[in-house]
Each structure stands twice: as structure tokens, then as C-alpha cells.
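> sequence plus the predicted model coming up.
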Amino acid sequence: MTPSLETRDLTVRFGGHIAVNAVSCAFHPGQLTAIVGPNGAGKTTWFNLISGQIRATSGQVRLEGRDISSLSPSARAHAGLGRAFQLTNLFPALSVFENIRLTVQSRRKAGLSLFRMADSRKDLIRETEEILTRTRLTAQARAEVRTLPHGDQRKVEVALLLALRPKIFMFDEPTAGMSMDEAPVILSLIADIRKDPAATVLLVEHKMDVIRALADRIVVLHNGTLVADGPPGPVMASDVVREAYMGREIEDV
């Protein structure tokens with residue numbers, strides 16, 4: 001079975017430093033993979049290579065068997081690779097509704113005008129409203145994104161991913177900076193996405209309780225190298241992971 005997403009010997013060097021070292025890993029639909037490791041392990045850099053923010057020194061990124069290594073980030077997004085960032089990446093002066101609608105329009109190649117709201121665009125409005133409902137943002141639809149608390153801005157990011165209808169969902173520490181009250185909403189949204197058998201979900205996360213609740217599989221990076229890959233139980237119980245890479249965090253949880 002062809003993986004929905006695959007990296008083959010993916011490598012990037014910054015001067016003499018190898019930040020990601022020949023990482024080969026395949027992902028399949030219906031699976032949520034947590035990517036873990038200590039600070040500086042190369043997790044976010046690997047994500048940046050996959051989504052195109054950084055160009056690889058060598059190796060490939062393949063989407064459904066197609067080599068997309070030469071594509072720009074926007075071209076990869078249109079091909080089905082969707083990513084939410086640690087820092088929100090939104091149109092802050094526009095409303096939540098407008099952010100989502102513009103994303104729907106972009107995916108449908110219907111232009112990006114804020115004023116194309118005629119009857120012919122009722123389909124865009126309808127899809128936007130459905131996404132607002134799914135992400136629990138209906139009450140905030142007319143609010144400017146810059147006025148929202150951090151947790152609601154992260155919800156808007158998830159809404160934009162849904163509007164793109166990607167094949168691959170990539171989340172980089174989605175609950176970073178969120179309060180204990182805000183985080184469960186984001187995790188619930190990710191859990192809903194995970195239920196879709198056609199969706200492939202990648203999650204960079206350091207909170208072990210989140211990983212235990214969501215992950216079907218764990219990939220561990222250390223010094224840019226893949227050192228463990230498998231079901232959560234065996235990976236978290238591995239001596240090499242517990243002692244060398246995760247410290248006492250797993251025991252504490």
C-alpha cells in the first residue's frame with residue numbers, strides 16, 4: 001500500500017550541523033502519529049522540511065507516491081499537505097468568518113475578494129458556516145481574529161486546516177501556550193479529525209498525557225535521527241527512549 005506521506009533519507013545541514021539526518025518514515029491514512037523528542041531533536045525542522053518551509057539538503061518528501069520535494073509550501077498545501085504552526089498564521093484584522101471563507105475560496109480557486117458574496121457564492125458561505133459549527137466558533141464568527149484569546153486563535157487555525165480539506169494534517173505543539181481550560185477543545189478537534197479513516201495526522205507534542213490519549217504510533221527523534229518508531233506502549237517503555245531521550249517525563253506521567 002502506497003503511504004499517504006513518506007520521507008526518504010530526508011536530510012538538512014546548516015553549515016557543519018546536521019539538523020535532520022537521513023530520516024525515512026512512512027505514514028498512512030487513519031493513523032495519528034506523535035513525533036516526540038527532547039528540545040533540539042529536530043522535530044519542527046523535520047516538519048518544516050515536509051511542508052516546504054525549509055529546502056532539504058538531500059532526500060525526498062513523497063505525497064501518495066509523488067515526489068513533492070521541489071514544490072513550494074503553497075503548492076504542497078494545494079496538493080493536500082495541511083499544517084498548523086506553533087505561532088498562529090492568520091489574517092489578524094479580518095473576522096473569523098472571513099479568514100475561513102477566504103481559505104475555502106482559495107481551495108476552490110474562486111479568487112480572494114472579500115466582497116464576492118453574491119448568490120453564486122452561497123456555497124462558500126454554507127461551507128464556512130459548517131466549519132464554524134464543527135470548530136465551535138459560531139459565536140466568534142464576526143470577531144476580528146486579533147481580538148480573540150490565544151485558545152480561540154488556535155481553533156481558527158484548525159478551522160483553516162479543515163477549510164483546505166487536506167489529506168495530511170500536521171500539528172506542531174497545538175496546545176502550546178494554552179490554559180488548562182482551552183487545551184481540551186483543541187485536542188477534541190484533533191480527535192475528531194483522527195476519526196476520519198482518510199485522514200493522516202502528524203502531531204509534534206511533548207505532553208505525554210496528550211500522546212497517550214491520541215497517538216496510534218510514536219516516532220522519536222534525537223539529534224535529528226529517528227531512534228524509535230512503533231506503538232505507544234513499547235516505544236515509551238523502551239530503555240533507550242526513557243533513559244537517553246525522554247528523561248523521567250514518562251515515569252512522572
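On my side now, so go ahead. Numbers count the residues shown, from 1 in each chain.
> tell me the SS of the closest residue to residue 92 other than its chain neighbours?
Taking CB to CB, 6 or more residues apart in numbering as the measure, residue 92 lies nearest to residue 146, with 3.7 Å between them; neighbours along the chain are not counted. All C-beta atoms are positioned from the backbone trio N, CA, C, and that covers glycine. Following DSSP: H, G, I helix; E, B strand; the rest coil, we place residue 146 in the helix state.
> which residues in the stretch 151-253 of the chain form strands?
Across the stretch 151-253 of the chain, reading from the start of the chain, the strands by DSSP state E, counting those that start in this stretch fall at 168-172, 200-204, 217-222, 225-230.
> export the ones you listed to TSV and append columns for distance to residue 94, mean pLDDT and mean neighbour count.
What follows is those, written out as TSV (distance: least, CB to CB, whole Å; pLDDT from 0 to 100; neighbours: other CB atoms under 10 Å):
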stretch	distance to residue 94	mean pLDDT	mean neighbour count
strand 168-172	23	94	24
strand 200-204	27	96	23
strand 217-222	36	93	22
strand 225-230	40	93	17
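> for these, which one sits closest to residue 37?
In this view, those are compared for proximity to residue 37 by CB to CB, and strand 217-222 is the closest at 4.1 Å.
> what angle separates that closest one from strand 200-204?
40 degrees (axes from the mean of the first three to the mean of the last three CA atoms, to 10 degrees).
> thinking again about what came up before, could you dump the strands of the stretch 151-253 of the chain to CSV with distance to residue 105?
Output for the strands of the stretch 151-253 of the chain, formatted as CSV (distance: least, CB to CB, whole Å):
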stretch, distance to residue 105
strand 168-172, 21
strand 200-204, 25
strand 217-222, 35
strand 225-230, 38
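> part of a helix, is residue 21?
No: secondary structure assignment places residue 21 outside any helix; it is strand (three-state DSSP).
> contacting residues for it?
Residues counted as contacts of residue 21 (CB atoms under 8 Å, 6 or more residues apart in numbering) are 11, 42, 223-225.
> mark which of those are buried, thanks.
With burial judged by 16 or more other CB atoms under 10 Å, the buried subset of the contacts of residue 21 is 11, 42, 223-224.
> where does confidence bottom out across the residues you listed?
Across the buried ones among the contacts of residue 21, the bottom pLDDT score, 89, is held by residue 223.
> show the contacting residues for it.
Residues near residue 223 by CB under 8 Å, 6+ apart: 21, 40-42.
> backbone dihedrals for residue 177, please?
The phi/psi pair for residue 177 (degrees, to the nearest 10) reads phi 80, psi 10.
> quickly list the domain ranges of this protein.
Structural domains annotated on the chain: 1-80+167-253, 90-165, as defined by automatic domain parsing.
> how far away is residue 229 from residue 242?
Here the criterion is CB to CB, to the nearest Å. By it, residue 229 lies 16 Å from residue 242.
> same check, this time on residue 56
Residue 56 is 31 Å from residue 242, where distance means CB to CB.
> who has more neighbours out of those two?
Neighbours were tallied for residue 56 and for residue 242 using other CB atoms under 10 Å; the higher tally belongs to residue 56 (19 against 16).
> was I right to think the more buried one contacts residue 11?
Yes: applying CB atoms under 8 Å as the test, residue 56 and residue 11 come out as touching, 6.3 Å apart.
> shared neighbours of those two, which are they?
Between them, residue 56 and residue 11 have residue 20 as joint contacts when contacts are counted by CB under 8 Å, 6+ apart.
> so what pLDDT did residue 110 get?
Residue 110 is assigned 58 on the pLDDT scale.
> which residues does the spatially closest residue to residue 141 that is not a sequence neighbour contact?
In space, residue 141 comes closest to residue 97 once its chain neighbours are excluded; the distance is 4.4 Å by CB to CB, 6+ apart. Going by CB under 8 Å, 6+ apart, residue 97 touches 128, 132, 141-142.
> state the phi and psi torsions of the spatially closest residue to residue 163 that is not a sequence neighbour.
Leaving aside its chain neighbours, residue 163 sits nearest to residue 103 (3.9 Å; criterion: CB to CB, 6+ apart). Phi and psi for residue 103, reported as degrees, to the nearest 10, are phi -70, psi -40.
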